[in-house]
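S.K.: only the shape, not the letters, is given here:
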Ligand SMILES: Cc1cc2nc3c(=O)[nH]c(=O)nc-3n(C[C@H](O)[C@H](O)[C@H](O)COP(=O)(O)OP(=O)(O)OC[C@H]3O[C@@H](n4cnc5c(N)ncnc54)[C@H](O)[C@@H]3O)c2cc1C
């Protein structure tokens, strides 16, 4: 097993970098596994990793229709936080953030997790009250939150437009342990960790059918042949509706495009993650210097992985309102990802009506920060057939019964308002 360390980097640097080996193998699919995970995104890979690490289950395959890191896990704006308000969500994200905090040691991989602090701005008395409440809930959960007044925000973010703006800044909620991580490194780190423990990562292998006999899962059909399995986990983010339909399920999920943008690299200027309270706009600066920012969904269901100009315009306008200096930076790239939106904006980690078939989906536009927690909880469910406590409220039947809905944004069952 190749381990990374400072000494190793030094040695390789002095000896021509000839000793590095591939991060994971490229095995052919076996005819049968104990567990098959459909989807090699962040959640699928972390599930496989924790199945092996926590439960000693290594006869596992992850089937990925494209390449590792090609989905949302490599397309997001990388914000990691635990500032959820509602019971059900708050303990889950709190657990996930704790896993983040030891992830690099755990994986022996530099995922560039940077707890630079997240500031949610507010622009009215009503918003201040709501953020004060949220901050108290976070502290009660054991996480950290500091309510800043206008001058407190100015100390951290002096470059914002405080005085000559349509939406004056009243203050902000600082979450010091919030921050960012390098998204694709998270995928690679989990992939490498799972592979090292014996999990087969099979790329270019699309699942085209799920085999079920008498209500029990028997395996999957793929573009690389049939694979039998005692248990199957569906973890395919924006494609959840399509893959679940292979097992006769109709999920309460709509797939929507979410765009992200990055500017040319500039000198360090933004050392927090900032979110605007009067429009959907959030921003941070990557270690390469690019300003990374995003906004809202494109507002109609789609499987496209690039977005449209009206939302681009909205995001740029919000950025200019908040920090006019951003107008000098040139946008380098934009892209989109397919978001699996649930009616209450909260996820699903549950068994299905088919014995041995499990599902993990509905992460909406906030599933990157959930990668460690989701994998940990989903692995627990698959291995033990019992819900992991922090994720025990993510039940599928809440949308049928109405009991246990977690409407984090308080916006009701309208996808585009989450
Ligand atoms: C622009 C943007 C910004 C975002 N910003 C943030 C953020 O700042 N913070 C945050 O917490 N979250 C954010 N998110 C959300 C987050 O990225 C997603 O919720 C999360 O990555 C989804 O889980 P995943 O990583 O497993 O998905 P993916 O990486 O999409 O993994 C799913 C995988 O399943 C594969 N698949 C699909 N169908 C099949 C099939 N039939 N057979 C085999 N494989 C299949 C896909 O190819 C894909 O690789 C953002 C998302 C986007 C698009």
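M.R.: Cool, the structure landed. Computed from a predicted structure; not experimentally measured.
S.K.: residues in contact with the nearest residue to residue 362 once chain neighbours are set aside?
M.R.: Of all residues not flanking residue 362 in the chain, residue 342 sits nearest, at 3.9 Å (C-beta to C-beta, 6 or more residues apart in numbering). C-beta coordinates here come from the backbone N, C-alpha and C atoms, glycine included. Contacts for residue 342 were tallied using C-beta atoms under 8 Å, 6 or more residues apart in numbering; they are 252-253, 348, 362, 364, 399.
S.K.: just the element for residue 10, please.
M.R.: helix 6-14 (DSSP states H and E).
S.K.: and the strands in the stretch 101-250 of the chain, which stretches?
M.R.: With strands called from DSSP state E, counting those that start in this stretch, the stretch 101-250 of the chain shows them at 118-122, 146-149, 171-175, 179-180, 200-202, 207-213, 216-222, 225-234.
S.K.: just the closest residue of the chain to the ligand, please.
M.R.: residue 41 (1.8 Å; C-beta to the nearest ligand atom).
S.K.: contact partners for that residue?
M.R.: Residue 41 neighbours (C-beta under 8 Å, 6+ apart): 64, 71-73, 187, 235-237.
S.K.: swap in residue 320?
M.R.: 326-327.
S.K.: now swap in residue 235 and tell me
M.R.: Counting by C-beta under 8 Å, 6+ apart, residue 235 touches 37-39, 41, 43-44, 47, 359-361, 378.
S.K.: residue 360 too?
M.R.: Residues near residue 360 by C-beta under 8 Å, 6+ apart: 43, 47, 233-235, 347-349, 374, 378.
S.K.: and if we set it to 7 Å?
M.R.: Neighbouring residues of residue 360 by C-beta atoms under 7 Å, 6 or more residues apart in numbering: 43, 47, 233, 235, 349, 374, 378.
S.K.: so where's the chain uncertain?
M.R.: For the chain, residues meeting the criterion pLDDT under 70 lie at 1, 411-418.
S.K.: which parts of it sit against the ligand?
M.R.: 38-44, 63-66, 70-73, 75-79, 206-207, 235-239, 243, 258-260, 294, 337, 363, 365-369 (C-beta under 6 Å from any ligand atom).
S.K.: quick one: buried ones out of those?
M.R.: 38-44, 63-65, 70-73, 75-79, 206-207, 235-239, 243, 258-260, 294, 337, 363, 365-369 (16 or more other C-beta atoms under 10 Å).
S.K.: mind naming the longest helix for this protein?
M.R.: For the chain, the longest helix by residue count, based on DSSP state H, is helix 125-141.
S.K.: now it and strand 171-175, what's the angle there?
M.R.: Going by axes from the mean of the first three to the mean of the last three C-alpha atoms, to 10 degrees, helix 125-141 is angled at 20 degrees with respect to strand 171-175.
S.K.: and stretch 121-139, what's buried?
M.R.: Applying 16+ other C-beta under 10 Å to stretch 121-139 flags 121-123, 127-128, 130-131, 134-135, 137-138 as buried.
S.K.: who's in contact with residue 363?
M.R.: Neighbours of residue 363 in contact, by C-beta under 7 Å, 6+ apart: 237, 340, 347, 370.
S.K.: just say helix, strand or coil for it.
M.R.: Here residue 363 is recorded as coil under DSSP: H, G, I helix; E, B strand; the rest coil.
S.K.: equivalent analysis for the one 10 residues further on, please.
M.R.: When the structure is split into helix, strand and coil by three-state DSSP, residue 373 lands in helix.
S.K.: that one contacts residue 98, doesn't it?
M.R.: No. Residue 373 is not in contact with residue 98 according to C-beta atoms under 7 Å; the separation is 8.6 Å.
S.K.: give me the more crowded residue out of these two.
M.R.: Neighbour totals were compared for residue 373 and residue 98, and residue 373 leads with 27 against 17 (other C-beta atoms under 10 Å).
S.K.: OK, contacts around the closest residue to the more buried one other than its chain neighbours?
M.R.: The shortest distance from residue 373 to any residue other than its chain neighbours is 2.8 Å, reached at residue 96 (C-beta to C-beta, 6+ apart). Residue 96 makes contact with 82, 369-370, 372-373, according to C-beta under 7 Å, 6+ apart.
S.K.: I'd assumed residue 51 was in a helix, is it?
M.R.: Yes. Looking at residue 51 with three-state DSSP, it is inside a helix.
S.K.: can you name the residues bridging to residue 172?
M.R.: residue 121, residue 148 (DSSP bridges).
S.K.: can you give me the neighbour number for it?
M.R.: With other C-beta under 10 Å as criterion, residue 172 counts 29.
S.K.: for it, give its distance to residue 178.
M.R.: For residue 172, the distance to residue 178 (C-beta to C-beta, to the nearest Å) stands at 12 Å.
S.K.: next one: residue 29
M.R.: According to C-beta to C-beta, residue 29 stands 39 Å off from residue 178.
S.K.: more neighbours: which of these two?
M.R.: Each of residue 29 and residue 178 has its neighbours counted (other C-beta under 10 Å); residue 178 has more, 25 against 17.
S.K.: what's the closest non-adjacent residue to the more buried one?
M.R.: That would be residue 118: by C-beta to C-beta, 6+ apart, it lies 3.1 Å from residue 178.
S.K.: so who does that neighbour touch?
M.R.: With C-beta under 7 Å, 6+ apart, residue 118 has these contacts: 81, 175, 178-179, 272-273.
S.K.: in contact with the residue lying closest to residue 176 once chain neighbours are set aside: list those residues for me.
M.R.: Residue nearest to residue 176 in three dimensions, not counting chain neighbours: residue 117, with 4.8 Å by C-beta to C-beta, 6+ apart. Shown in contact with residue 117 (C-beta under 7 Å, 6+ apart): 174-176, 178-179, 272.
S.K.: can you pick out the most distant pair from those?
M.R.: 174 and 179 (11.8 Å; C-beta to C-beta).
S.K.: for stretch 345-360, measure first residue to last.
M.R.: 14 Å (C-alpha to C-alpha, to the nearest Å).
S.K.: and what of stretch 102-112?
M.R.: End-to-end for stretch 102-112, by C-alpha to C-alpha: 12 Å.
S.K.: now find how far off-centre that stretch is within its chain.
M.R.: Put simply, stretch 102-112 sits 17 Å off its chain's centre (C-alpha atoms, centre = their mean, to the nearest Å).
S.K.: for the strands of the stretch 101-250 of the chain, which one sits closest to residue 383?
M.R.: If you check each of those against residue 383 by C-beta to C-beta, strand 225-234 wins as the nearest, at 8.9 Å.
S.K.: give me the sheet partners of the closest one and which way each runs.
M.R.: Here strand 225-234 has these sheet partners by DSSP bridges: strand 32-38 (parallel), strand 216-222 (antiparallel), strand 357-361 (parallel).
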